[in-house]
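In: sequence-free structure coming up:
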């Protein structure tokens with residue numbers, strides 16, 4: 001998928017002068033930087049609309065892209081998650097902050113880990129942002145023309161390129177559910193936002209198969225508007241905000257970013273003395 005994105009941007013860039021299509025150049029540079037990330041440490045501040053209110057969270061992650069390994073901690077909620085594809089490709093070890101307060105193995109895509117969450121732990125890191133932009137370009141026939149470059153700005157004390165995507169034709173259309181489909185498989189097939197599809201159809205915490213023949217209202221695009229702050233020095237996104245027809249619905253800010261730090265097996269082990277599994 002990342003290769004196709006790079007190819008698309010390269011072809012578009014070749015056919016259009018950079019002075020006219022600066023967003024193409026910046027997105028290409030961002031994609032190149034994301035591809036170079038092998039390991040990652042950073043803090044994440046998230047603000048997500050859940051139903052009609054907003055939920056904030058602050059977390060820290062250690063990430064290895066291949067094989068996929070992740071340590072996640074939300075110190076305020078005393079929640080820790082450990083995922084190691086070399087140990088179990090389907091489940092993560094979770095130490096919850098609620099009763100019974102014991103570690104358990106859970107499916108990251110299952111209802112317990114996805115309840116009131118926009119995304120799964122599989123989407124943590126920069127790869128998902130790059131892929132989400134690719135999905136937007138594939139779904140939107142106007143593609144790159146709906147991206148605008150607003151110059152350099154300061155974001156949290158860091159010099160950034162400010163990019164904005166908006167498609168005013170964003171809306172909803174009917175979709176008839178087929179056999180053995182879930183909200184997630186439908187969202188993936190139609191290249192739309194999983195959470196927004198669930199929210200519109202009162203399926204926020206429904207993760208199983210939907211009855212065949214059910215008519216859903218599905219977004220026509222991944223989002224209506226996206227604002228991206230791209231760090232000038234490393235060409236990585238340090239903040240992203242998304243909007244739907246109702247307005248702002250999620251934002252993520254990344255800080256204390258360490259690209260390709262040395263991470264060992266102990267960083268992804270429950271035996272780490274700094275962890276509480």
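Out: Thanks, I have the structure now. Please read all numbers here as calculations on a predicted model, not as lab measurements.

In: Which parts of the stretch 1-150 of the chain are strands?
Out: Assigned by DSSP state E, counting those that start in this stretch, the stretch 1-150 of the chain shows strands spanning 39-50, 53-64, 69-74, 79-84, 92-95, 104-106, 147-155.

In: Would you mind telling me which of those strands is nearest residue 209?
Out: Go through those one by one with Cβ to Cβ and the one that ends up closest to residue 209 is strand 104-106, at 19.8 Å. Using the backbone N, CA and C atoms, a C-beta is placed for each residue, glycine as well.

In: where are the low-confidence patches of the stretch 1-150 of the chain?
Out: Across the stretch 1-150 of the chain, the ranges flagged by pLDDT under 70 are 1-21, 100, 141.

In: Contacts only, for the closest residue to residue 69 other than its chain neighbours.
Out: Distances taken as Cβ to Cβ, 6 or more residues apart in numbering put residue 268 closest to residue 69, at 4.2 Å, once the chain neighbours are dropped. Counting by Cβ atoms under 8 Å, 6 or more residues apart in numbering, residue 268 touches 62, 64, 69-71, 82-84.

In: if we go to 7 Å?
Out: Going by Cβ atoms under 7 Å, 6 or more residues apart in numbering, residue 268 touches 69, 71, 82, 84.

In: same question, residue 255
Out: By Cβ under 7 Å, 6+ apart, the contact list for residue 255 reads 42-43, 156.

In: ok, now residue 81?
Out: By Cβ under 7 Å, 6+ apart, the contact list for residue 81 reads 72, 92, 94, 121.

In: Let's have those in JSON lines, adding neighbour count.
Out: JSON lines is the format used below for the contacts of residue 81 (neighbours: other Cβ atoms under 10 Å):
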{"residue": "72", "neighbour count": "19"}
{"residue": "92", "neighbour count": "22"}
{"residue": "94", "neighbour count": "21"}
{"residue": "121", "neighbour count": "21"}
